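> Here's my sequence, what's the structure:
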Amino acid sequence: MRRPAAIDEILRPRVLAVGAAVLAMTWLGPLPEMASRYFTAHMAMHVAVVAIAAPVLALALGGLRADPARRWPVLFHPLPASVIELVVIWGWHSPALHHLSRHHGWALMLEQTSFFAVSLLLWLSAFGGDPLQRAERTAAGIAGLLMTSMHMTLLGVLLALAPRQLYGHLPATLDDQQWGGVLMLTGGGISYLAGGLYLLLGLLKHREPSPGTPP
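Got it, this is the predicted structure:
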């Protein structure tokens, strides 16, 4: 069973440009400076990188000769990739590492780079690969994205409903932390859920018998 390319070839350069622009605005705009003071700004950077830039770039690169999931399919399996992303995301949201990234530019750069790397790894694992064989990894891609959606949602709920501040950064407030959790819940959780449902719909569509094919 062959699954069609993620996007039309004519749209690839535009989609690639959109993903690169989101990444540039996130890292070169006002958010990095604001992130040291406001948890919501820090979380906005996180969501922009993993839930917008990474999936858009994966859609643009998936299936091309430059697609690493096509060159090294064993290294780009969705389920291990989802576990790696879970460890990295939750690790950087531990109080010690989060404090480090909020107060040191090199740590923020390392955090953001690791966020981008693991999220692109997962999205490419789900959307990339050889166009003739990519359907074989679709089920694993669905599972990986949905699992990530669940742990992103859990993290968002934890931050949004926490009765006290989990990170002691001034002038951040409990409301600031809670709004950051809502951003994670709606942005991060929904993006990965939408990606999983997109793959599921594609899988169901291409399993439907074509007209004239006996059941």
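> and T173, what does it touch?
Applying CB atoms under 8 Å, 6 or more residues apart in numbering to T173 gives the contacts Q165. For every residue, glycine as well, the C-beta is placed using N, CA and C.
> Revised request: answer the last question for E111.
92, 97, 101.
> confidence score at the last one?
In the prediction, the pLDDT value recorded for S101 is 93.
> Tell me which residue is most central in the protein.
By CA atoms, centre = their mean, the chain has its centre lying nearest to V50, at 3.3 Å.
> quick one, what contacts that residue?
Each residue near V50 by CB under 8 Å, 6+ apart is listed here: 85, 89, 115-116, 119, 188, 191.
> again, only this time at 10 Å
By CB atoms under 10 Å, 6 or more residues apart in numbering, the contact set of V50 is 85, 88-89, 112, 115-116, 118-120, 122-123, 148, 152, 184, 187-188, 191-192.
> Tell me which of these fall in helices.
Using DSSP state H, the subset of the contacts of V50 located in helices is 85, 88-89, 112, 115-116, 118-120, 122-123, 148, 152, 191-192.
> Put the buried members of those residues into a PyMOL selection.
In PyMOL, a selection of the buried entries from those looks like this (16 or more other CB atoms under 10 Å):
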select buried, resi 85+88+89+112+115+116+118+119+120+122+123+148+152+191+192
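> From the ones in helices among the contacts of V50, pick the one nearest P78.
Checking the ones in helices among the contacts of V50 against P78 by CB to CB gives L122 as the nearest, at 6.5 Å.
> so where does the closest residue to the closest one other than its chain neighbours fall, helix or strand?
Closest residue to L122 apart from its sequence neighbours, by CB to CB, 6 or more residues apart in numbering: A81 at 4.2 Å. Secondary structure from DSSP states H and E places A81 in helix 78-92.
> next SSE after that helix?
Sequence order places helix 95-103 as the next helix or strand after helix 78-92, per DSSP H and E.
> any idea how far that next one is from the chain center?
Averaging C-alpha coordinates over helix 95-103 and over its chain gives two centres that are 21 Å apart (CA atoms, centre = their mean, to the nearest Å).
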